[in-house]
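Participant: Here you go, sequence then predicted model.
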Amino acid sequence: MQSRRIGDVQVSAIGLGGMPMSIEGRPDEARSVATIHAALDAGVRFIDTADAYHRDANEVGHNESLIAKALASHPAGAEVLVATKGGHLRPGDGSWTLNGDPDYLKQACEASLRRLGVEAIGLYQFHRPDPKVPYADSVGAIRDLLDAGKIRMAGISNANPEQIRLANEILGGRLVSVQNQFSPAFRSSEPELALCDELGIAFLPWSPFGGISRAGDLGSTFAPFAKVAAAHGVSPYQVCLAWMLALSEQVVPIPGASRPASIQDSVQAAELTLTAEEIAELSAHA
């Protein structure tokens, strides 16, 4: 599989988003582990998770623990860059809450370290801005974790251009990734993508197919993706990911998966070459 860089680490051009394996409607553990192993067998070397990827209130970090178990039982597990996040919480009732308090973020990182079973987290990201806490204070906690060697690289998620520039300044130019929602149905993060391209920071699109509830409609809602897919004899999902990869060398999509077949299809996008005309058509109609 083609590769991209996140900071100083070479990773697969397509990553794996772990959330569908841990929230509502999740598969059993055996199928989840099989999905992660299928990703590794296909060349995936980047997996995204978060301590908030869980279903019930008493299972914080479910996805982190699941990924750690799957990686420990696969020969390529040690080659994978695992990114996790802190600052977004799920009380267990289906809602999401925020906590950007610096002390909390440091405690959350320590808990993630234990669940992942590592001495330092490969990539740790501030999950979402908390309006009750100055953004600089929250990112300052990430800087402290980086300086203390608790994390090897630092990133942010759900950030706007001003926050990206501020975070990079607070981190002393060491911001390596921005993880924002981006898909044919959600294009509002294009300014952030352009800024990451300018600064040489990895841009990690989450929900690249439009989210769990809308992913199945990709080909029917956005006809050009189905048209290009038919021309290449591939799925619209491969076309969607190949289109994203063509937008910038900084893009590393992280499609979620809960079945081996899903990630096996997605990773083939890294080898799909679209023409300039196809990229222009997809960009115009997405």
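Facilitator: Great, that's in hand.
Participant: Low-confidence regions, this protein specifically.
Facilitator: Applying pLDDT under 70 to the chain picks out residues 212-216, 219, 286.
Participant: All the helices of it, residue numbers only.
Facilitator: All helices of the chain, identified by DSSP state H, fall at 29-41, 62-72, 102-116, 135-147, 161-170, 190-199, 218-221, 223-232, 236-247, 260-267, 276-285.
Participant: Tell me which of those lies nearest to Glu79.
Facilitator: Proximity to Glu79 (C-beta to C-beta) singles out helix 29-41 among the helices of the chain, at 8.2 Å. In short, each C-beta sits where N, CA and C put it, glycine included.
Participant: Give the other helices and strands that the closest one contacts.
Facilitator: Contacting helix 29-41 under the criterion 3 or more C-beta pairs under 8 Å, 6 or more residues apart in numbering; DSSP states H and E are the following elements: helix 62-72, helix 260-267.
Participant: winner for burial among these?
Facilitator: By mean neighbour count, with neighbours taken as mean count of other C-beta atoms under 10 Å, helix 62-72 ranks first of those at a mean of 22.
Participant: Give me the distance from that one to the chain's centre.
Facilitator: Taking C-alpha atoms, centre = their mean, to the nearest Å, one finds helix 62-72 lying 16 Å from the centre of the chain it belongs to.
Participant: Now do it: which elements does it pack against?
Facilitator: The criterion is 3+ C-beta pairs under 8 Å, 6+ apart, and the helices and strands that helix 62-72 contacts are helix 29-41, strand 81-86, helix 102-116.
Participant: Show me what the longest one packs onto, helices and strands only.
Facilitator: The one in question is helix 102-116. Other helices and strands packing on helix 102-116, by 3+ C-beta pairs under 8 Å, 6+ apart, are helix 62-72, strand 81-86, strand 123-126, helix 135-147.
Participant: at 7 Å what do you get?
Facilitator: Here helix 102-116 is seen to pack against helix 62-72, strand 81-86, helix 135-147 when contacts are counted using 3 or more C-beta pairs under 7 Å, 6 or more residues apart in numbering; DSSP states H and E.
Participant: With distance to Asn180 as added columns, please give the ones you listed in TSV.
Facilitator: As requested, the helices and strands packed on helix 102-116 are exported to TSV (distance: least, C-beta to C-beta, whole Å):
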stretch	distance to Asn180
helix 62-72	19
strand 81-86	12
helix 135-147	15
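Participant: closest one to Ile6 among the ones you listed?
Facilitator: With C-beta to C-beta, the closest approach to Ile6 among those belongs to strand 81-86: 6.6 Å.
Participant: Quick check: buried residues in that closest one?
Facilitator: Neighbour counts using 16 or more other C-beta atoms under 10 Å place Leu81, Val82, Ala83, Thr84, Lys85, Gly86 of strand 81-86 among the buried residues.
Participant: and that strand, which strands flank it?
Facilitator: Taking DSSP bridges as the criterion, strand 81-86 sits next to strand 46-48 (parallel), strand 123-126 (parallel) in its sheet.
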